[in-house]
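Engineer: Return atomic coordinates for the entry below.
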Amino acid sequence: MISGKKHSVIVVGAGASGMAAATRLAEGGADVALLEANDIPGKKLLATGNGKCNFTNNFQSIECYRGEHPEAAIQLLARFDVPYILQFFEDLGILAKQRDGYWYPNSEQSASVREAFVIRLQELHVPIYENTYVKAVSREKKGDAPAFFLTALRRDILLPGKPKKDGKKSGKPKLSEPYEIYFEAEFLVLATGGCAGNISGADGSGYALAEYFGHRIIPPVPALVQLRAKNSELSQLFGVRVQAKVTLQIADGEQKRKWSERGEILFTESGLSGIPTMQLSRFASKVLSEKETHKKIEIFLDFFPEISENDLQQIILKYFAAFPQRTPSQALIGMLPAKLLAVLLSAAGFREGFAPASRLAHTMKYFCLEICGTNEFASAQVTAGGVDLEEIKVAEMESKLTENLYIVGELADIDGTCGGYNLQWAWMSGLAAAEGLLAKKKRSRKKGKEETVPGRRDKFD
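Structural biologist: Numbering: from 1, shown residues only. Alright, predicted model coming up:
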């Protein structure tokens, strides 16, 4: 292997977890470098919380975290709780504010968080190799101890041509053709993220790197994503927003599993969006990813969750009696958006002069959509699945299979619900890895061992 840039620690991926890990590592005195496939670090952060960056939440429970081992998040919460994270951000220079338990930068701009990390990393002299895509990794013996060797494709930024007479630039900066560059490190932190998001590098390449070291990958699927349905009437509901209780039901023969959420839903051309839908999407995604599955996936919408079906029927009858001269849609004009009401009336079998109030009440409480798919990873906020946490020492996020290898953030099999939980996991796992790594280096120094890779802060020419 050709030697290249040498650092004691290399963090692959300058997203939320990678920047958190690199910041804490550098504060602890480690020679650390960040490798990022995008042109800037923290690019995905810019889209979080609709651009406002909801970075944590006062309410924390195991129900907020999903995966085969959600208890891993609770284990890290014991050390990196919300006050800890708030202090971490204050130390970065971020003034935080809380709204209904949700924490944001006071600027309400995700760019503030990204830039605070970049500034802090610059202050700590952490090199960030941008436009650098890691395509292969190995672990080989060098001297008395093994080291990690990485092969990456690097693209340099080419400066535009000479300015025009009017002072404007003659063209935008362009990237060079990719060329191979090599890195060497004693410790490796994989923080590549998953497949979600429409950004460069969100291609699941980190799974292949983890698989190289023997890790089991729980198949990744889109989560916090829109659902698609078969129902033909959806085209009539496009753009309608309404409050509802949303229940996802997965039926496997006689066995049925259900999950429910409440809030505003949005009807799309092909299905449903909105926070309640997206909260439930990972369960549908898991089933849809199964080969030759016979399970039936349905969404039931209750547009009046606070009212019983019998009471709703009485309300409908009251309006019919009060306005006998009106059509059913006119009599119930204030109950629901007009487009939705028309679809529900049709689904309940309303015909001119015939008004089965009981059937309409049932339809309003149990409007059913058969789910046939989800939107693609590019539309998803996070990935469900990833490296099996059974193979990771969660307290330090260190691999049980390969010493000095750490796996953090979305690459591991934890995905959170909406509300700042995915970022909370990113901060916790990145900080846990950094502190575990620093503690290991400290123990090694006490034993009189020297670092196997001398620290260098080389920069590209």
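Engineer: Can you get me a residue count around L95?
Structural biologist: As a burial measure, L95 scores 10 neighbours (other C-beta atoms under 10 Å). Any C-beta I mention is one placed from the backbone N, CA and C, and that applies to glycine too.
Engineer: Just to check, L34 is in contact with P41?
Structural biologist: Yes - using C-beta atoms under 8 Å, L34 is in contact with P41, at 6.6 Å.
Engineer: The nearest residue to G204 once chain neighbours are set aside: what's it in contact with?
Structural biologist: Spatial nearest neighbour of G204, excluding adjacent residues (C-beta to C-beta, 6 or more residues apart in numbering): C195 at 4.4 Å. Contacts for C195 were tallied using C-beta atoms under 8 Å, 6 or more residues apart in numbering; they are 202-204, 220, 222, 377, 380, 383.
Engineer: still on that earlier bit, find the residues that touch each one of L34 and P41.
Structural biologist: 14, 18-19, 121, 128.
Engineer: Most neighbours out of those residues, which is it?
Structural biologist: Among the shared contacts of L34 and P41, the one with the most neighbours (other C-beta under 10 Å) is A14, at 33 neighbours.
Engineer: part of a strand, is the residue nearest to G204?
Structural biologist: No - note on C195: no strand contains this position according to DSSP: H, G, I helix; E, B strand; the rest coil, which reports coil.
Engineer: measure it to L25 for me?
Structural biologist: 26 Å (C-beta to C-beta, to the nearest Å).
Engineer: ditto for I392
Structural biologist: Distance from I392 to L25, by C-beta to C-beta: 18 Å.
Engineer: the more surrounded of the two?
Structural biologist: L25 (29 against 26).
Engineer: To which secondary structure element is that one assigned?
Structural biologist: Take DSSP states H and E as the rule and L25 turns out to sit in helix 16-27.
Engineer: list the helices and strands that helix packs on?
Structural biologist: If contacts are counted by 3 or more C-beta pairs under 8 Å, 6 or more residues apart in numbering; DSSP states H and E, helix 16-27 sits against strand 5-12, strand 32-35, helix 110-123, strand 179-190, helix 421-446.
Engineer: Restrict it to CA atoms and write it as CSV.
Structural biologist: Extracted in CSV, the C-alpha atoms of helix 16-27 (Å, rounded to 0.1, in the frame of the first residue of the first chain):
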residue,chain,number,x,y,z
ALA,A,16,-23.4,15.6,12.3
SER,A,17,-21.8,12.6,14.0
GLY,A,18,-18.5,13.0,12.2
MET,A,19,-18.0,16.6,13.1
ALA,A,20,-19.1,16.0,16.7
ALA,A,21,-16.5,13.2,17.0
ALA,A,22,-13.7,15.2,15.3
THR,A,23,-14.4,18.3,17.5
ARG,A,24,-14.2,16.3,20.8
LEU,A,25,-11.1,14.4,19.5
ALA,A,26,-9.2,17.5,18.6
GLU,A,27,-10.2,19.1,22.0
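Engineer: Mind listing residues that contact it?
Structural biologist: Contacts of helix 16-27 (C-beta under 8 Å, 6+ apart): 9, 11-12, 14, 32-34, 36, 41-42, 44-45, 88, 92, 117, 120-121, 124-126, 189, 191, 406, 408-410, 423, 425-427, 429-431, 433-435, 437-438.
Engineer: go again using 6 Å as the cut-off
Structural biologist: 9, 11, 32, 34, 45, 117, 120, 124, 126, 189, 191, 408-409, 423, 426-427, 429-431, 433-434 (C-beta atoms under 6 Å, 6 or more residues apart in numbering).
Engineer: residues near G15, how many?
Structural biologist: By the criterion of other C-beta under 10 Å, G15 has 30 neighbours.
Engineer: and the most centrally placed residue in the chain, what are its bridge partners?
Structural biologist: Centroid check for the chain by C-alpha atoms, centre = their mean gives V382 as the closest residue, at 2.6 Å. Taking DSSP bridges as the rule, V382 bridges to A223.
Engineer: and what of the one 4 residues further on?
Structural biologist: Each beta-bridge partner of G386 is listed here, defined by DSSP bridges: I218.
Engineer: Verify the stated contact: F183 with L150.
Structural biologist: Yes - F183 is in contact with L150 according to C-beta atoms under 6 Å; the separation is 4.3 Å.
Engineer: For Q381, which residues are in contact?
Structural biologist: L224.
Engineer: Could you count how many residues lie near R262?
Structural biologist: A count of neighbours around R262, defined by other C-beta under 10 Å, yields 16.
Engineer: And for D81?
Structural biologist: Residues lying near D81 (other C-beta under 10 Å) number 14.
Engineer: so who does it touch?
Structural biologist: D81 neighbours (C-beta under 6 Å, 6+ apart): none.
Engineer: what's the answer for Y102, then?
Structural biologist: Per C-beta under 6 Å, 6+ apart, neighbours of Y102: 54, 57.
Engineer: circling back: any idea which of the contacts of C195 is closest to Q243?
Structural biologist: A380 (23.9 Å; C-beta to C-beta).
Engineer: circling back to that earlier point, which among the contacts of helix 16-27 count as buried?
Structural biologist: 9, 11, 32, 34, 45, 117, 120, 124, 126, 189, 191, 408-409, 423, 426-427, 429-431, 433-434 (16 or more other C-beta atoms under 10 Å).
Engineer: doesn't A284 make contact with I371?
Structural biologist: Yes - I371 is within contact range of A284, at 5.4 Å (criterion: C-beta under 6 Å).
Engineer: Report the set of residues contacting both of those two.
Structural biologist: Common neighbours of I371 and A284, using C-beta under 6 Å, 6+ apart, are I297.
Engineer: so where's the stretch 251-400 of the chain uncertain?
Structural biologist: Along the stretch 251-400 of the chain, the model assigns pLDDT under 70 to residues 351-355.
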